[in-house]
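Colleague: Turn this into a model:
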Amino acid sequence: MSEHRLLMIPGPIELEPSVLAAMSAPSTSHVDPDFVPVFGRALSALRSVMLAPSAQPYVLAGSGTLAMEVACASLIERGDRALVVDTGYFSARMAAIGDVDELNSALGLAVVALGESEFTADLVRVQNDLFDLGADIATPGEDFTPSEMVLRIVPSQVTWLEERIDAVNDSLPPLTSFILPGGSPAAAAVHLARAIARRAERTLVAASHEGSINPQARIYVNRLSDFLFVLARRINNGNDPLWVPGASR
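Modeller: Here you go, the predicted structure:
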């Protein structure tokens, strides 16, 4: 029979069988009737933990937003003036990462719509670059030099985009009007990705106002939207649906 040893460190720790059983059970929402007995047992356990058997503990069953609202309601009276500090640093950076991820997913749809095309490899390369870009944005700092442990967008990635813009654009007829996003399914998918790239650029600019962002990352997204615009036109072979000002008046 093996010796049972008790591990007594901050973590990991051994769990009671009842805890393991509870962890393996389906989650119960705090608005579910089945939550009521669980909540009651938790209150009883809290009295023991707090060494206050006659006390009435209160547990907030809700999100962090609820906790913030209760704290404000406890501290501030109606009519009081309050100063709320919102740096936005976390949200702006995370919004940029999310937009880049959404852009990559939209490019995946464009790749599928293109199928076997001379431009498919270009979009797959951009998808890979966008993972580099997401890692770049997610790594704050003032030094944007890439290393084995830190991915950064570098000038050569921007240069490749600029060269592809020129190469694709050379075969297109001059624009005589604004074009409507659409045409073929593949071109429409690329236009959608272009619009998301423009949003990603805006969120990157917002993030750069609140923290350091690699300048090459911003330039890359800016050039990418240009590349996707000319690429969508090339996929349509220049036969783009054109905007007719006031056509429905």
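Colleague: can you tell me how far the residue nearest the centre of the chain sits from F144?
Modeller: Closest to where the C-alpha atoms of the chain average out (Cα atoms, centre = their mean) is G98, at 1.7 Å. G98 sits 21 Å away from F144, going by Cβ to Cβ, to the nearest Å. In this view, the C-beta of every residue, glycine as well, is placed from N, C-alpha and C.
Colleague: Same question for N237.
Modeller: Applying Cβ to Cβ to N237 and F144 gives a distance of 39 Å.
Colleague: Check V36 too.
Modeller: Remark: distance between V36 and F144 (Cβ to Cβ) = 54 Å.
Colleague: the more surrounded of the two?
Modeller: Neighbour count, other Cβ atoms under 10 Å: between V36 and F144, F144 has more, with 17 against 10.
Colleague: show me what contacts the nearest residue to M50 once chain neighbours are set aside?
Modeller: If the residues on either side of it in the chain are set aside, M50 comes closest to P57, at 6.8 Å by Cβ to Cβ, 6 or more residues apart in numbering. Contact analysis of P57 by Cβ atoms under 8 Å, 6 or more residues apart in numbering lists 43, 46-47, 50.
Colleague: need the longest helix for this structure.
Modeller: In the chain, ranked by residue count with DSSP state H as the criterion, the top helix is helix 89-114.
Colleague: For it, buried residues please.
Modeller: Within helix 89-114, the residues scored as buried using 16 or more other Cβ atoms under 10 Å are 92-93, 95-97, 99-101, 103-104, 106-107, 109-111, 113-114.
Colleague: Also stretch 210-219?
Modeller: 211, 213-214, 216-219.
Colleague: Could you do stretch 201-209 as well?
Modeller: Buried residues in stretch 201-209 (16+ other Cβ under 10 Å): 201, 203-204, 206-208.
Colleague: Which one of these is nearest to L228?
Modeller: Closest to L228 out of those is E201 (11.8 Å), distances taken as Cβ to Cβ.
Colleague: Let me see the confidence value for that closest one.
Modeller: pLDDT for E201: 96.
Colleague: Surely it touches S225?
Modeller: Yes - taking Cβ atoms under 8 Å as the definition, E201 is a contact partner of S225 at 6.6 Å.
Colleague: so what are the domain limits for this protein?
Modeller: Domain segmentation of the chain under automatic domain parsing yields 29-75, 89-235.
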